[in-house]
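Participant: need a structure here:
(2 chains)
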Number of protein chains: 2
Amino acid sequence: MKTYLDCIPCLLRQIVEASSFFTRDEHLRIRIMKEVLSSLSQQDLSQSPPHITGSVYRLLRNRFSMDDPYRAIKDRFNRLTLSMLGPLRETVLNSQDPLLQAVKLAIAGNSIDCGAKTGLDEHEIRVEIESSSAKPLEGDVSLFRRAVEQARKILYIADNAGELTLDRLLIEQIGPDRVTVAVRGAPVINDATMEDARQTGLHELVRIIDNGTDAPGTIIEECSNEFRQTLAGSDLIIAKGQGNYETLCDEELNIIFLLKVKCPIIADHTGFPVGSHAVIQGPVR
Amino acid sequence: MKTYLDCIPCLLRQIVEASSFFTRDEHLRIRIMKEVLSSLSQQDLSQSPPHITGSVYRLLRNRFSMDDPYRAIKDRFNRLTLSMLGPLRETVLNSQDPLLQAVKLAIAGNSIDCGAKTGLDEHEIRVEIESSSAKPLEGDVSLFRRAVEQARKILYIADNAGELTLDRLLIEQIGPDRVTVAVRGAPVINDATMEDARQTGLHELVRIIDNGTDAPGTIIEECSNEFRQTLAGSDLIIAKGQGNYETLCDEELNIIFLLKVKCPIIADHTGFPVGSHAVIQGPVR
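Facilitator: Predicted structure coming up:
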């Protein structure tokens, strides 16, 4: 998926927040903003939003040593969701349809996205997760159910820190033996990295790999050999969130996206309104 | 007031809308966006937001002949408010406190601001205006009342098209003989120009001047001699909206701002929450 013009102000809003987490030096923040504006003025917008965002974060890392501005936020959301894990697991296990319940929770966890919203707070995330059972899903869940039943090897491409705890509940239902989870290869926004897999204990349940890149999505041609081999060896891909959707929706894969629709661009592209919790089979064009 | 980092994504959001009114050619819109990004990367952010926005619109006019993208919107909001003028005048005249009622309507009219919000629609503006009597005002209205009673010559610096019709009701209460209204010297966003003063019939009631500039605010040192002489010869300035606030809040003038607070930056600066309808005496520092 290309980058739309509306993505530019949204990305910059998010850079304003990231720079505030990095420094209180206003002059430095202005320099950071100007470098980003200048870089964006030269980008190829036929590339996907995670492509552009990844390159902006690379610039910030190289030029300003802004390595992981969302680290404290990621820790906080990991702790929040871990504190909810026990009761949520009970809800899944006591549900009439544990797989459906786990899908709903995994999608609700996709609200933990600092790229889509400035000033995300714990209360709204807690409410979103706790109210997810009652929220209808857009798309065809039976399709997800069938695909999971038939698959022998599943690559589960995670999205954000904190969200991983909810992914864990879904993977427990799918059966962890045939699942590999992929996280990002470097910090970008609040996307999950290997550190978050460890913090949420996911590494004790399944094999975790990183994708070898710093994009907040999955740009296959830039991913590590390990990631690409795992992708090629999987007969089902489950991909979480908008960033993975934006980078993988065109790909010829047996892929199902689980995501919360968080902006008008993705609403247009998927056909589901902003705020929807959606199950979408790829490719989407 | 300086330009804050949060103003940058907001300005770009607004440029995305402006370019969509100007052309459907996606390649041209991308070129426009890239020129704006490049220009912003070189701006001095110690200048006020209208300074920056004015220079961006100048660039768009010079480089792309994007002369007045909001013309159709301005016509539409002029027609909308004119269609409400008769009943609103009745409301003012039948009110126990006609001046207060007119102040409330003039501030409600300041909602007609395409700079602050993408996709502004007629329904929300109608609701905002019709519900304004019940909305409390922030700040000290008695101060406005006293200042108006004492003033001999008043310069009323208008903000947006459409809003002018509501300004007209307030000027009728103040007494038009001692009032001069200033509009912008060139089209910028949906700010009122001489054309809008004519469309709303304001030119039949009071003397209208333009400020000689293309900024969506009042940068005194860039304004025409006529404007500056009128300013110097006035013993009270009434200034509408955020753009005039941003450019005049530091100035040593006998000035009162009437505005709707539309963003967190102005909320911080004024001390009134987003959404407030406010009466503020300058200078504010």
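Participant: who does the lengthiest helix in chain A touch, helix- and strand-wise?
Facilitator: Taking DSSP state H as the criterion, chain A has its longest helix at helix A:71-94. Contacts defined by 3 or more CB pairs under 8 Å, 6 or more residues apart in numbering or on different chains; DSSP states H and E place helix A:71-94 against helix A:98-109, helix A:122-130, helix A:163-174, helix A:194-199. Yep, even glycine has a C-beta here, placed from its N, CA and C like the rest.
Participant: Return the member of the ones you listed having the minimum mean pLDDT.
Facilitator: If you rank the helices and strands packed on helix A:71-94 by mean pLDDT, helix A:122-130 sits at the bottom with a mean of 94.
Participant: Compute the inter-axis angle for that one and helix A:98-109.
Facilitator: If you take axes from the mean of the first three to the mean of the last three CA atoms, to 10 degrees, helix A:122-130 sits at 160 degrees to helix A:98-109.
Participant: one step back: buried ones in the longest helix of chain A?
Facilitator: Neighbour counts over helix A:71-94 (16 or more other CB atoms under 10 Å in any protein chain shown) mark A:71, A:73-74, A:76-78, A:80-82, A:84, A:88-89, A:91-92 as buried.
Participant: of all these, which comes closest to residue A:99?
Facilitator: residue A:92 (8.7 Å; CB to CB).
Participant: so what's that closest one up against?
Facilitator: For residue A:92, the contacting residues are A:98, A:101, A:102, A:105, A:169, A:172, A:173, by CB atoms under 8 Å, 6 or more residues apart in numbering or on different chains.
Participant: quick revisit: any idea which of the helices and strands packed on helix A:71-94 gets closest to chain B?
Facilitator: Among the helices and strands packed on helix A:71-94, the nearest to chain B by CB to the nearest CB is helix A:122-130 (17.4 Å).
Participant: Can you convert the contacts of residue A:92 into TSV and add a column each for neighbour count and distance to chain B?
Facilitator: As requested, those are arranged in TSV below (neighbours: other CB atoms under 10 Å in any protein chain shown; distance: CB to the nearest CB, whole Å):
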residue	neighbour count	distance to chain B
A:98	17	42
A:101	21	37
A:102	25	36
A:105	28	32
A:169	22	35
A:172	17	40
A:173	20	40
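Participant: Turn those into CSV, columns for distance to residue A:145.
Facilitator: CSV is the format used below for the contacts of residue A:92 (distance: CB to CB, whole Å):
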residue, distance to residue A:145
A:98, 11
A:101, 12
A:102, 11
A:105, 16
A:169, 16
A:172, 16
A:173, 10
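Participant: Tell me which of the helices and strands packed on helix A:71-94 lies nearest to residue B:225.
Facilitator: Among these, the nearest to residue B:225 by CB to CB is helix A:122-130 (53.7 Å).
Participant: and the closest one, how far from the chain's centre?
Facilitator: 17 Å (CA atoms, centre = their mean, to the nearest Å).
Participant: Could you pull up the contacting residues of the residue of the stretch 101-250 of chain A found nearest chain B?
Facilitator: Proximity to chain B, evaluated over the stretch 101-250 of chain A using CB to the nearest CB, is greatest for residue A:118 at 8.9 Å. Contacts for residue A:118 (CB under 8 Å, 6+ apart) come out as A:13, A:14, A:16, A:17.
Participant: any chance of the residues you listed in TSV, with secondary structure and pLDDT too?
Facilitator: TSV is the format used below for the contacts of residue A:118 (DSSP: H, G, I helix; E, B strand; the rest coil; pLDDT from 0 to 100):
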residue	secondary structure	pLDDT
A:13	helix	96
A:14	helix	96
A:16	helix	97
A:17	helix	96
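Participant: Could you list which of the residues you listed also contact chain B?
Facilitator: Contacts with chain B within the contacts of residue A:118, as defined by CB under 8 Å from any CB of the partner chain: A:13, A:16.
Participant: Closest one to residue A:158 out of the contacts of residue A:118, please.
Facilitator: When the contacts of residue A:118 are compared against residue A:158 (criterion: CB to CB), the nearest one is residue A:14, at 19.4 Å.
Participant: The closest one: what's it in contact with?
Facilitator: Residue A:14 touches A:53, A:114, A:115, A:118, A:189, counting by CB under 8 Å, 6+ apart.
Participant: right, and the pair among those residues with maximum separation?
Facilitator: Pairwise distances across the contacts of residue A:14 peak at 14.8 Å for A:53 and A:118 (criterion: CB to CB).
Participant: hang on, the earlier thing: turn the contacts of residue A:118 into JSON lines, columns for distance to residue B:263.
Facilitator: JSON lines is the format used below for those (distance: CB to CB, whole Å):
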{"residue": "A:13", "distance to residue B:263": "12"}
{"residue": "A:14", "distance to residue B:263": "17"}
{"residue": "A:16", "distance to residue B:263": "13"}
{"residue": "A:17", "distance to residue B:263": "15"}
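Participant: Mind listing what's buried along the least confident helix or strand in chain A by mean pLDDT?
Facilitator: Lowest by mean pLDDT, DSSP states H and E among the helices and strands of chain A is helix A:122-130, with a mean of 94. Going by neighbour count (16+ other CB under 10 Å), the buried part of helix A:122-130 is A:125, A:128, A:129.
Participant: And stretch A:233-246, by the same measure?
Facilitator: Applying 16+ other CB under 10 Å to stretch A:233-246 flags A:234, A:236, A:237, A:238, A:239, A:240, A:241, A:242, A:243, A:244, A:245, A:246 as buried.
Participant: From those residues, list the ones also adjacent to chain B.
Facilitator: By CB under 8 Å from any CB, no member of these lies near chain B.
Participant: Spatially, which two of those are the most separated?
Facilitator: Checking those with CB to CB, the most distant pair is A:234 and A:242, at 21.3 Å.
Participant: okay, stretch A:2-13 in CSV with CA atoms only?
Facilitator: What follows is stretch A:2-13, C-alpha atoms only, in CSV (Å, rounded to 0.1, in the frame of the first residue of the first chain):
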residue,chain,number,x,y,z
LYS,A,2,1.3,3.4,-0.9
THR,A,3,1.7,6.4,1.5
TYR,A,4,-1.3,8.8,1.3
LEU,A,5,-0.9,12.5,1.8
ASP,A,6,-2.9,12.2,5.0
CYS,A,7,-0.3,9.9,6.4
ILE,A,8,2.3,12.8,6.4
PRO,A,9,0.7,15.0,9.1
CYS,A,10,-0.1,11.9,11.1
LEU,A,11,3.6,10.8,11.0
LEU,A,12,4.7,14.2,12.0
ARG,A,13,2.3,14.3,14.9
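Participant: Excluding chain neighbours, give the residue nearest to the spatially most central residue of chain A in space.
Facilitator: The C-alpha lying nearest the average C-alpha coordinate of chain A belongs to residue A:159 (CA atoms, centre = their mean; 2.0 Å). Once flanking residues are discounted, residue A:159 sits nearest to residue A:241: 3.1 Å by CB to CB, 6 or more residues apart in numbering or on different chains.
Participant: what do you get for residue A:112?
Facilitator: Counting by CB to CB, 6+ apart, the residue nearest residue A:112 is residue A:162, at 4.2 Å.
Participant: Does that neighbour touch residue A:74 like I think?
Facilitator: Yes. Look at residue A:162 against residue A:74 with CB atoms under 8 Å: they come within range, at 6.9 Å.
Participant: where do the contact lists of these two overlap?
Facilitator: By CB under 8 Å, 6+ apart, the residues touching both residue A:162 and residue A:74 are A:190, A:196.
Participant: Show me where the stretch 151-285 of chain A has its helices.
Facilitator: Assignment of helices within the stretch 151-285 of chain A using DSSP state H, counting those that start in this stretch yields the ranges A:163-174, A:194-199, A:225-232, A:241-248, A:264-270.
Participant: mind listing what's buried in the helix or strand containing residue A:148?
Facilitator: Secondary structure assignment for residue A:148, by DSSP states H and E: helix A:141-150. For helix A:141-150, a neighbour-count test (16+ other CB under 10 Å) marks A:141, A:144, A:147, A:148 as buried.
Participant: I'd like to know how far the last one sits from residue A:81.
Facilitator: Okay, so that is residue A:148. Here the distance between residue A:148 and residue A:81 works out to 22 Å (CB to CB, to the nearest Å).
Participant: give me the number of residues near the nearest residue to residue A:168 once chain neighbours are set aside?
Facilitator: Take residue A:168 and drop its neighbours on the chain: the residue closest to it by CB to CB, 6+ apart is residue A:202, 5.4 Å away. The tally of other residues near residue A:202 (other CB atoms under 10 Å in any protein chain shown) stands at 24.
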